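A.B. asks: sharing a model prediction with you, sequence too.
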Amino acid sequence: MTQDPNADAQVAPTEVGANAAESGERQLAPEVSDAYSSHEVPGSGRHHSVSELGHAASTLDPDAPAVLTVDNLKMYFPVRSSGVVRRTIGHVQAVDGISFEVPKGGSLGLVGESGCGKSTTGRLITRLYKPTGGSMMFEGNDLAKLSNKEMKPLRRDVQMIFQDPYTSLNPRHTVGTIVGAPLEVHKIVPKNQVLSRVQELLEVVGLNPEHYNRYPNEFSGGQRQRIGIARALTLNPKVLVADEPVSALDVSIQAQVVNLLQDIQREFDVAFLFIAHDLAIVRHFCPEIAVMYLGKIVEIGDRETIYSRPHHPYTQALLSAVPDVKQAAVGGRRERIRLEGDVPSPINPPSGCRFRTRCQFAQEICAKVEPPLLQIGKRHKVACHFAGELGAHPAAPVTTDLLGVDDQGSPVPGATPSNTQLTIPGYEKTWYDLHTKQTTGV
Amino acid sequence: MTSVPMTQSAVSEGSASEGPLLVVEDLKVTFPTEDGPVTAVSGLSYSVERGKTLGIVGESGSGKSVSSMAVMGLHDAKSAQISGSIRVGGTEVVGLGESKMRALRGNSMAMIFQDALAALHPFYKIGKQLEEAYLVHHSSASKRDARRKAIEMLDRVGIPQPDRRVDDYPHQFSGGMRQRAMIAMGLINDPSLLIADEPTTALDVTVQAQILDLLQDLQREFNSAVIIITHDLGVIAEMADDVLVMYAGRCVEYGTVKQILTAPEMPYTWGLLSSVPDVLASTDARLIPIPGNPPSLLRPPSGCSFHPRCVHSDKVPGDLCRTELPPLLPASVGAAHLRRCHLADPSAVYQSEVLPEIAPDLVEETR
């Protein structure tokens, strides 16, 4: 096997981090993901061993502090009547009270069907929309409350990677202008240094730095997405919102971009909010995953829990719908939970639990009382009255004691709801055990 | 193994009516462009029987859509040069006149497109578009018959209240419903061959599962031959009987779904398998991209068209990969499994080098 001579010379991530810290300024390292640089692959006799090219799934650091804390975030879009006087006749409850934390240098995955509010969440965090309610704490600032002017310096730290690399790059601007624009907006480096910085960035994302003068149409889809990533990295963000970053790309290119994002995360300690509908990609990239349905988080937890022991019927249905390559060895289709119908309208969502109209376990209580997002494990929260593993859903609602209601969802006289820990963004040290119906801890 | 790409001798003997429904032989499609001719598909042969599903996998530009559009006769005769042979139920399609082609298209074969919103006409009601598809091939039918048939088909594909929704416009349907409406349109004349070009790519997983279920039920009901074009290997695994892997306009591997996905023998197929994560796989599995980009068909690479991106070409003695196009030969196990690669023992390389990286759990099982 011919080894690539440059492979050994690649800069080790830790070294770069240390150097940057020493010099007291955040700077990007050149010559990172050399192995992925697409412009160098063909024909020059360069070969890489298989393992050198690949990346295993990201791992979870349970002690990492939260860089972004979202609490009870809401976004209602007004629906206006037609005619001359456009009165507001309702609201699309796109995001309705969601809470989560994004750990420093970690990544949280956001999955769900189209229309569940996952992209809206991403746009709220980057403040492309101003939220209707709730808070988004980032380094002591509440992003939800800041005015556009106060927001400007913080925009450096929260950047976004868009889904479609064909529409998110201005076709009339050169790559150099596109990637360099944030530097000029925020006046970070003197004008004469913009070019060298742009070239540095292009190298980081595996593009030929000499191509800064080209236009987006001269690049392939995967390369364009790299340009988008370079632009998002220009200002050294601390949080990157990646909204379906690979779904517009070819399969063989998807893996290149996912690996590049993993490299970038390792290198620059960026936290990711990774929004995607491809459950397999999210599983690979995110050690922690939140499942959304109709504007609410229905289940959130670590990868192992969500994918192997999901407790919410929706998560279970979603996972069972994913076609599996390994099925080829068996033949035929996998057994699956069939979800009937479409997602209800977010203008007038179902009362109580929003999933109840499509849920096979739904009972009276589900229509009357909304299930709280209850912590039921060390890193696992679920919002369901009948939460349980697949095939082991309890017959009686598990939440009655906490909510002070009976099995039909009617309030019990004299009972006091004890939902103290129900809505905090992170995880508590103690949780509600589904089997003993007691609060337990480690 | 039910369908094999036919060799020249086998075809001349077999009678067309009893053999496979669709036989494609040595298909070549060339488009003249300003920069010179582009050969989008070359030397492609496959066949599909009634009641069976063929999956075609490949990246964009690999020729999978071009080849199936040639089957449907959708290429402009003025600009596309098509050679080889395509026979649908014994009728030679290549070189067939437009009026005869029209009688065949939509009647004995139909196509479902990826983007239902773009494929349905935004100005006409769903029902109108379905009725038109029916009336074209049933000249004696009345408008009322056509409408009844349209409602019946919408009901068949699972659209609620079909008698009311038949008067809706495409924009009033959700993504999944639009795709269902298009399937209804494709099936309204009970075609014996259905080509589904990325039928679920733009859909959510739950809707995708519904559509795939529907396609499978309908195939069983009408006993039609189905070609499903996709880049999602999971869909292939659950839907297809046979798989054709295409790269740069050529077939690089062909076999049953089990052969292709559990014992692939072509580095490009390995690359496809290793570049998609799996929802059930071990988290130790690595995601290994195929380096580089798909080649330009204007100047296709010499020799094996995959060699510039292949990490295993150094295992082939000499410059063979770069100079000579590997023939499509039977793989080590099963004559029905064909592959186009110079590697002497690809299955050994797969077992020892690729599998440990992409599915460490499977390696331990086999030991």
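C.D. replies: Happy to help now that I have it. Not measured: the values here are computed from a predicted model. Residues are numbered from 1 along each chain as shown, chains lettered A, B, ... in the order given.
A.B. asks: now chain A, which segments are flagged as low pLDDT?
C.D. replies: Residue ranges of chain A with pLDDT under 70: A:1-53, A:415-423, A:442.
A.B. asks: pull the longest helix from it.
C.D. replies: The single longest helix within chain A, with elements called by DSSP state H, is helix A:251-268.
A.B. asks: by contact count, what packs against the next helix or strand after that helix?
C.D. replies: Heading C-terminal from helix A:251-268, the first helix or strand you meet, by DSSP states H and E, is strand A:271-275. Helices and strands touching strand A:271-275, by 3 or more Cβ pairs under 8 Å, 6 or more residues apart in numbering or on different chains; DSSP states H and E, are strand A:66-80, strand A:88-103, strand A:107-111, helix A:118-125, strand A:239-243, helix A:279-285. Just so you know, the C-beta spots here come from the backbone N, C-alpha and C atoms, and that holds for glycine as well.
A.B. asks: mind giving me the domain split of the chain?
C.D. replies: Let's take chain A. Domain assignment for chain A, taken from automatic domain parsing, gives A:66-286, A:316-442.
A.B. asks: looking at chain B here, not the other one
C.D. replies: Following automatic domain parsing, one gets these domains for chain B: B:116-190, B:264-366.
A.B. asks: what segments of the chain are strands?
C.D. replies: Picked chain A for this. Applying DSSP state E to chain A gives strands spanning A:66-80, A:88-103, A:107-111, A:133-138, A:141-142, A:158-161, A:239-243, A:271-275, A:288-293, A:296-302, A:374-377, A:380-382, A:430-432, A:439-441.
A.B. asks: wait, I meant chain B there
C.D. replies: So, for chain B - with DSSP E - the strands run B:22-33, B:36-48, B:53-57, B:81-88, B:91-92, B:109-112, B:193-197, B:225-230, B:242-247, B:250-256, B:329-330, B:338-339.
A.B. asks: just give the nearest non-adjacent residue to the residue of the stretch 51-200 of chain B found nearest chain A, would you?
C.D. replies: Nearest to chain A, among the residues of the stretch 51-200 of chain B, is B:E59, at 4.5 Å (Cβ to the nearest Cβ). Spatially, and ignoring its direct neighbours in sequence, B:E59 is nearest to A:D250 (4.5 Å; Cβ to Cβ, 6 or more residues apart in numbering or on different chains).
A.B. asks: kindly report the same for A:H393.
C.D. replies: A:F386 (4.8 Å).
A.B. asks: reformat the strands of chain A as TSV; add mean neighbour count.
C.D. replies: Listed next are the strands of chain A as TSV, based on neighbours: other Cβ atoms under 10 Å in any protein chain shown:
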stretch	mean neighbour count
strand A:66-80	19
strand A:88-103	20
strand A:107-111	26
strand A:133-138	18
strand A:141-142	14
strand A:158-161	24
strand A:239-243	25
strand A:271-275	26
strand A:288-293	25
strand A:296-302	26
strand A:374-377	22
strand A:380-382	26
strand A:430-432	19
strand A:439-441	12
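A.B. asks: show the contacting residues for the residue sitting nearest the centre point of chain A.
C.D. replies: With distances taken as Cα atoms, centre = their mean, the residue of chain A nearest its centroid is A:F274 (2.5 Å). By Cβ atoms under 8 Å, 6 or more residues apart in numbering or on different chains, the contact set of A:F274 is A:S107, A:L108, A:G109, A:L110, A:A242, A:P245, A:V282, A:F285, A:C286.
A.B. asks: which one among the residues you listed gets closest to A:A328?
C.D. replies: Comparing the contacts of A:F274 against A:A328 with Cβ to Cβ places A:V282 closest, at 22.7 Å.
A.B. asks: tally of neighbours for the residue nearest to B:E59?
C.D. replies: 22 (other Cβ atoms under 10 Å in any protein chain shown).
A.B. asks: now do A:Y166
C.D. replies: Neighbours of A:Y166 under the rule other Cβ under 10 Å: 13.
A.B. asks: one more: A:A248?
C.D. replies: Close neighbours of A:A248, defined as other Cβ under 10 Å, add up to 19.
A.B. asks: swap in A:L128?
C.D. replies: Each residue near A:L128 was counted by other Cβ under 10 Å, and the total is 11.
A.B. asks: now for it: which residues touch it?
C.D. replies: If a contact means Cβ under 8 Å, 6+ apart, then A:L128 has A:M160 as its contacts.
A.B. asks: quick one: it and chain B, what's the gap?
C.D. replies: Plainly put, A:L128 is 23 Å away from chain B if you go by Cβ to the nearest Cβ, to the nearest Å.
A.B. asks: and A:G332, by the same measure?
C.D. replies: Taken as Cβ to the nearest Cβ, the span from A:G332 to chain B is 7 Å.
A.B. asks: list the contacts for the nearest residue to that residue once chain neighbours are set aside?
C.D. replies: Distances taken as Cβ to Cβ, 6+ apart put B:E238 closest to A:G332, at 7.4 Å, once the chain neighbours are dropped. Applying Cβ under 8 Å, 6+ apart to B:E238 gives the contacts A:P323, A:D324, A:Q327, A:G332, A:R333, A:R334, B:L212.
A.B. asks: name the single longest helix found in chain B.
C.D. replies: Longest helix in chain B, counting residues (DSSP H): helix B:205-222.
A.B. asks: hmm, who's touching that helix?
C.D. replies: Under the contact criterion Cβ under 8 Å, 6+ apart, helix B:205-222 has outside partners A:113, A:277, A:279, A:317-318, A:320-323, A:333, A:336, A:338-339, A:342, B:51, B:53, B:156-158, B:175-176, B:179-180, B:183, B:187, B:190-192, B:194, B:196, B:199-200, B:203, B:224, B:226, B:228, B:235, B:238-239.
A.B. asks: try 6 Å this time
C.D. replies: With Cβ atoms under 6 Å, 6 or more residues apart in numbering or on different chains as the contact definition, helix B:205-222 has outside contacts at A:A321, A:V322, A:R336, A:L339, B:G176, B:Q179, B:D190, B:T200, B:V226.
A.B. asks: just the buried ones from the residues you listed, in PyMOL syntax?
C.D. replies: In PyMOL syntax, the buried subset of these is picked out as below (16 or more other Cβ atoms under 10 Å in any protein chain shown):
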select buried, (chain A and resi 321+322+336+339) or (chain B and resi 176+179+200+226)
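A.B. asks: which stretches of the stretch 101-250 of chain B have low pLDDT?
C.D. replies: Ranges of the stretch 101-250 of chain B meeting pLDDT under 70: none found.
A.B. asks: which residues of it lie near chain A?
C.D. replies: Contacts of the stretch 101-250 of chain B with chain A, taken as Cβ under 6 Å from any Cβ of the partner chain, map to B:S174, B:D204, B:V205, B:T206, B:A209, B:H231, B:L233, B:G234, B:V235, B:A237, B:E238.
A.B. asks: just the buried residues of those.
C.D. replies: B:D204, B:V205, B:T206, B:A209, B:H231, B:L233, B:G234, B:V235, B:A237, B:E238.
A.B. asks: next one: stretch B:102-116 to chain centre, how far?
C.D. replies: Per Cα atoms, centre = their mean, to the nearest Å, the displacement of stretch B:102-116 from the mean C-alpha position of its chain is 14 Å.
A.B. asks: got the CA coordinates for it in CSV?
C.D. replies: Taking Å, rounded to 0.1, in the frame of the first residue of the first chain, the C-alpha atoms of stretch B:102-116 are listed here in CSV:
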residue,chain,number,x,y,z
ARG,B,102,-47.1,7.1,-27.7
ALA,B,103,-49.4,4.1,-27.8
LEU,B,104,-46.9,2.2,-25.7
ARG,B,105,-45.9,4.9,-23.3
GLY,B,106,-48.4,5.4,-20.5
ASN,B,107,-50.2,2.3,-21.5
SER,B,108,-47.9,-0.6,-21.1
MET,B,109,-45.1,1.4,-19.4
ALA,B,110,-45.3,4.3,-17.1
MET,B,111,-42.9,6.5,-15.1
ILE,B,112,-43.0,8.1,-11.7
PHE,B,113,-40.8,11.1,-11.3
GLN,B,114,-38.9,12.4,-8.3
ASP,B,115,-40.4,15.8,-7.9
ALA,B,116,-44.2,15.4,-8.0
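A.B. asks: report the buried residues of it.
C.D. replies: Within stretch B:102-116, the residues that count as buried by 16+ other Cβ under 10 Å are B:L104, B:R105, B:G106, B:N107, B:S108, B:M109, B:A110, B:M111, B:I112, B:F113, B:Q114, B:A116.
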